[in-house]
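J.: Predicted model, plus sequence, below.
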Amino acid sequence: MTDLKRLLAQINPFSSRHETSGNRDEEEFKLPNMASLVIMISMNLLLQISFFIVVSSSNKYAEYLGGNATFSGIVIGIPTAFAGLSLIPLTKYDKGMYKMPLHVSCCFAILGHVTYALAYRANFLYLILIGRCLNGVALSMFMYCKRYCSDPRIVGIRRRTTLASWIVISQGLGMSLGPFLGGVLYNVGFSNSVFNGYTSLGWIMAGIYTGFWVLVTKYFKDIPQPPTITELQPACDSNAAPIISLEEVKSGEAEASPSYSITPATSPPPPIDESFRAQLSLITLSQWGVIACMCWFAMLCFFILGSWEANLPVFGASAQNFHWSPFAAGNFIALGGITSFPFLLFNLLAARHTQDRKILAFGTMLGLAGLIIFLFILRTGKVNYGSLFVCWWTVALGFNLATTVTLSLLSKQLPPEWNGRISMAIQYSNYVGRVTGAVWGGSGVSVGMLNFVGLEIAMVGIGAILFTTFWSDLKTKTG
């Protein structure tokens, strides 16, 4: 009887319509545990730094070990390919939680940075590629950071774009700090075969991840697992078929008896494939169009940002009026990111009152303006520090703003059960953009800079057609 009373005490009473209405606002504005949220955003920042810190010096590092600019682009972009591959086993075993992927990410980030640093001592070109591939497993955490900030179990519908704005702020900081720190460490040098301008970034980042891993272990609180469905069985025969279920107890159809114990339910769950097919049938054609539109922009934004980050050091080193060193290239990239940072903060405030589709349109048009200006100065031969900076600043700010809404908009339109699937779809689109963009950026000088920027303008044009076609379907709640 004691067990039965304890069980009944755990059953939540049915809420009245008035109570449900009163709790609706609280549900829409709910936020996750603050320490865990800070850890997830900080992890996104560290991963962005890890991805971009090699941008400034990877070209020189690859040349020293016998590679070229195209190989440097592959070194920059290859982690995202391995991040995409590693998501397959991770999502199979994560059980919808976040702590296990955090531990995996920290572990492989340390291994990857150490391997990247050891390539100099070993004088082996492909060791830097192996190190970046190991880093790629760590970068799988990008998807979990985004998913965490749109997870309907812990984040209300009117807080998802706001948290996505924090992700974009950490993204902007990472893409500024990464190349800057890489350039500074290259410029400082250090004259030994273990800790020098090429390898110091690997050792330092490995140390940072080690300390961060300790903080994750101590302070991160995962999402509580849903309660196990239980049934009542006779205590004398644990193998007997269940006699009384929870539903029967609640409806008063059975009488309580002291000879029953609580055991996990053994009835099989409904088939996943059937449930998934039923959900698919409810998605309309216009919603499929919105999904395709957001996936395109998720790919497009990171393709352009990644290509510019990979191209600027190569273009700056080859241009007669620049002749940039890795330090100068890192400073230039960082300057564009730092000066756009106040506008990203403003976007954090504006996101609470601005529709996602308007943020997407504004960011895309701003980024497109930077590409068109760059095409103009290339054709007229008026490329100088100031004009190139204006182009880079508008591209960095515009397409960073556009990335704010790709996942948050879909999470507001589709059922909560789809959050994991749309997170995967958006993240794979990001990965495709990152890896192809980095290779395209490294090859930009070889294929011709007019062809480089022309392809990007054409891709933005396709995106513009998509969001004008589905403009009315992109409307969602603000916040």
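T.: That came through, no problem.

J.: Contacts for stretch 315-335, please.
T.: 52, 55-57, 59-60, 175-177, 179-184, 186-187, 309, 312-313, 383-385, 388-389, 392, 444-445, 449 (C-beta atoms under 8 Å, 6 or more residues apart in numbering). Every C-beta, even on glycine, is put in place using the N, C-alpha and C of the backbone.

J.: got the contact list for the spatially most central residue of the chain?
T.: For the chain, the residue nearest the mean C-alpha position is residue 142 (3.3 Å; C-alpha atoms, centre = their mean). If you count contacts by C-beta under 8 Å, 6+ apart, residue 142 has them with 44, 47, 83, 427, 430.

J.: can you redo these as CSV with secondary structure?
T.: Below are these laid out as CSV (DSSP: H, G, I helix; E, B strand; the rest coil):
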residue, secondary structure
44, helix
47, helix
83, helix
427, helix
430, helix
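
J.: Between those residues, identify the one with the most neighbours.
T.: residue 83 (30 neighbours; other C-beta atoms under 10 Å).

J.: How many residues are close by the residue nearest to that one when sequence neighbours are not counted?
T.: Nearest residue to residue 83, sequence neighbours excluded (C-beta to C-beta, 6 or more residues apart in numbering): residue 139, at 3.9 Å. The number of residues packed near residue 139 is 29, by other C-beta under 10 Å.

J.: now that we're looking at residue 139, which residues does it contact?
T.: 47, 50-51, 79-80, 82-83, 105.

J.: How about residue 377?
T.: 383, 387-388, 391.

J.: Any buried residues in the strand or helix carrying residue 431, and which?
T.: Secondary structure from DSSP states H and E places residue 431 in helix 419-442. Neighbour counts over helix 419-442 (16 or more other C-beta atoms under 10 Å) mark 419, 421-442 as buried.

J.: mind exporting the helix or strand that contains residue 114 as CSV, just the C-alpha atoms?
T.: Using DSSP H and E, residue 114 maps to helix 99-122. Taking C-alpha atoms only, helix 99-122 is exported to CSV below (Å, rounded to 0.1, in the frame of the first residue of the first chain):
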residue,chain,number,x,y,z
LYS,A,99,26.5,15.6,-21.8
MET,A,100,27.9,12.6,-23.7
PRO,A,101,28.5,14.6,-26.9
LEU,A,102,30.2,17.3,-24.8
HIS,A,103,32.6,14.8,-23.4
VAL,A,104,33.3,13.4,-26.9
SER,A,105,33.8,16.8,-28.3
CYS,A,106,36.3,17.9,-25.6
CYS,A,107,38.3,14.7,-26.0
PHE,A,108,38.6,14.8,-29.8
ALA,A,109,39.4,18.6,-29.7
ILE,A,110,42.4,17.9,-27.5
LEU,A,111,43.6,15.0,-29.6
GLY,A,112,43.1,17.0,-32.8
HIS,A,113,45.0,20.1,-31.7
VAL,A,114,47.9,18.0,-30.3
THR,A,115,48.2,16.0,-33.6
TYR,A,116,48.1,19.2,-35.6
ALA,A,117,51.0,20.6,-33.5
LEU,A,118,53.1,17.4,-33.8
ALA,A,119,53.1,17.6,-37.6
TYR,A,120,56.0,20.1,-37.5
ARG,A,121,58.2,17.9,-35.4
ALA,A,122,57.4,14.9,-37.5
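
J.: ok and the longest helix along the chain relative to helix 419-442, angle-wise?
T.: Looking across the chain with DSSP state H, the single longest helix is helix 285-318. Interaxial angle of helix 285-318 relative to helix 419-442 (axes from the mean of the first three to the mean of the last three C-alpha atoms, to 10 degrees): 30 degrees.

J.: What mean pLDDT does the helix or strand just after helix 285-318 get?
T.: Downstream of helix 285-318, the first helix or strand assigned by DSSP H and E is helix 326-350. Across helix 326-350, the average pLDDT comes to 85.
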